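Trainee: Fold the following, please.
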Amino acid sequence: MTGGRSFGQYFNALGITLIHVGTAYAFVRGASFGLVGMAVVFYFVRMFAVTGVYHRYFAHRTYKTSRALQFALAFLGTSATQKGPLWWAATHRVHHKHSDTPLDVHSPKHRGFWYSHLGWWLGRDHEATPLKHIRDFSKYPELRFLDRWHVLGVFACMAVATAMHGFDGFLWGYVVSTCFLLHGTFTINSLAHVFGSRRYETSDTSRNNLWLALITMGEGWHNNHHHHRHSANQGFMWWEVDATYYILKGLEKVGLVWDVKKAPNEVVRDWHRDRDREHDRIAVAVDR
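Mentor: The predicted structure follows:
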């Protein structure tokens, strides 16, 4: 398709505009501690759905689960208002394949902050699901259905929030939490390639950032992730807080998921070799 805008683009643009307008209205209207707490719970439950399900399961297959729970988790993921599981995972795989090159889906290095943060998500170029990058999961008809009708999870989230606390529940449980959830997730695309430290000499500009890790349940250890993307843990060191990984380990303990992959010790230790190579380069430069 060429020329003009599609219905999907208008729908996405309208939806995200209403979410921001609704968030502003919610703050003007005011809220109780209970409503704020509700927004926080809805935020983190759905953040895990993005980080632990869409990202670490569907995009990178860092653990295994049953087909039934796979569907249930995928449905939970759709409640985050970030499109379907196949679209999300396939698009993310494209990002890793071409990270920080002109073919990257959302590189701030080539397209700037706003495009990498939000513009790419609203644009025409990435509206369709690139199924060739997600053949392993697109073979499941129930996931194909959920990917097409991802709004069902959104409506379910709205309904639960409204049932709990009426209109204010809808505003804080869905609208406000979704606004913060979208921007929290998108900071990994726009900021985790700009601000932070680089333990590993990856081919891209990925960085580790504690503050981003805290608001995204571990995704801020982005340089670690690009160094070894097939690990369920992105916080490689004991002090690198990775709430998503802790939850996955808990699910493994009760038998709901299994074969949870962890970065091998030799992969984690690679930074020592990177550091030694940097010291060697400095020594050569000084000798000259």
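
Trainee: Give me the contact list for whatever helix or strand Ala72 lives in.
Mentor: Remark: Ala72 resides in helix 67-78, with elements defined by DSSP states H and E. With Cβ atoms under 8 Å, 6 or more residues apart in numbering as the test, helix 67-78 has contacts from 45-46, 49-50, 53-54, 57-58, 65, 84-85, 88, 140, 142-143, 146, 150-154, 156, 256-257. For every residue, glycine as well, the C-beta is placed using N, CA and C.

Trainee: Kindly calculate the angle that the helix or strand that that helix is followed by makes with helix 67-78.
Mentor: Per DSSP H and E, the first helix or strand lying C-terminal to helix 67-78 is helix 85-97. With axes from the mean of the first three to the mean of the last three Cα atoms, to 10 degrees defining the directions, helix 85-97 sits at 80 degrees from helix 67-78.

Trainee: Pull out the buried residues from helix 85-97.
Mentor: By 16 or more other Cβ atoms under 10 Å, the buried positions in helix 85-97 come out as 85-96.

Trainee: can you check stretch 117-125 too?
Mentor: By neighbour count, with 16+ other Cβ under 10 Å as the criterion, the buried positions of stretch 117-125 are 117-118, 120-123.

Trainee: can you tell me the distance between the two ends of it?
Mentor: The separation between the terminal residues of stretch 117-125, taken as Cα to Cα, to the nearest Å, is 15 Å.

Trainee: Ala26 and Gly173 touch, don't they?
Mentor: No - the pair Ala26 / Gly173 is not scored as a contact, 10.3 Å apart, by Cβ atoms under 8 Å.

Trainee: quick one, which of these two is more surrounded?
Mentor: When Ala26 and Gly173 are compared for neighbours, Gly173 comes out ahead with 24 against 19, by other Cβ atoms under 10 Å.

Trainee: Assumed that one was part of a helix.
Mentor: Yes - Gly173 forms part of a helix when assessed by DSSP: H, G, I helix; E, B strand; the rest coil.

Trainee: If you drop the residues flanking it in sequence, what lies closest to it?
Mentor: Excluding the flanking residues, the one nearest Gly173 by Cβ to Cβ, 6 or more residues apart in numbering is Ala161, at 3.0 Å.

Trainee: Could you pull up the contacting residues of the one you found?
Mentor: Ala161 is in contact with 38, 42, 169-170, 172-174, counting by Cβ under 8 Å, 6+ apart.

Trainee: out of the residues you listed, who has the most neighbours?
Mentor: Ranked by neighbour count under the definition other Cβ under 10 Å, the contacts of Ala161 are headed by Trp172 with 28 neighbours.

Trainee: I'd like to know how many residues surround the closest residue to Arg56 other than its chain neighbours.
Mentor: Distance criterion Cβ to Cβ, 6+ apart; nearest residue to Arg56, sequence neighbours excluded, is Thr62 at 4.7 Å. For Thr62, the tally of surrounding residues (other Cβ under 10 Å) stands at 23.

Trainee: so where's the stretch 1-150 of the chain shaky on pLDDT?
Mentor: Scanning the stretch 1-150 of the chain for pLDDT under 70 picks out 1-9.

Trainee: Now His96. Nearest residue, chain neighbours left out?
Mentor: For His96, the closest residue by Cβ to Cβ, 6+ apart turns out to be Arg229, at 5.9 Å.

Trainee: With just CA atoms, put the helix holding Ala72 into PDB.
Mentor: The C-alpha coordinates for helix 67-78 follow below in PDB (Å, rounded to 0.1, in the frame of the first residue of the first chain):
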ATOM      1  CA  ARG A  67       0.000 -23.900  25.000                       C
ATOM      2  CA  ALA A  68      -2.900 -22.900  27.200                       C
ATOM      3  CA  LEU A  69      -0.800 -20.600  29.400                       C
ATOM      4  CA  GLN A  70       0.900 -19.300  26.300                       C
ATOM      5  CA  PHE A  71      -2.500 -18.100  25.100                       C
ATOM      6  CA  ALA A  72      -3.500 -16.700  28.500                       C
ATOM      7  CA  LEU A  73      -0.300 -14.800  28.800                       C
ATOM      8  CA  ALA A  74      -0.600 -13.500  25.200                       C
ATOM      9  CA  PHE A  75      -4.100 -12.200  26.100                       C
ATOM     10  CA  LEU A  76      -2.800 -10.500  29.100                       C
ATOM     11  CA  GLY A  77      -0.200  -8.900  26.900                       C
ATOM     12  CA  THR A  78      -2.900  -7.400  24.600                       C
END
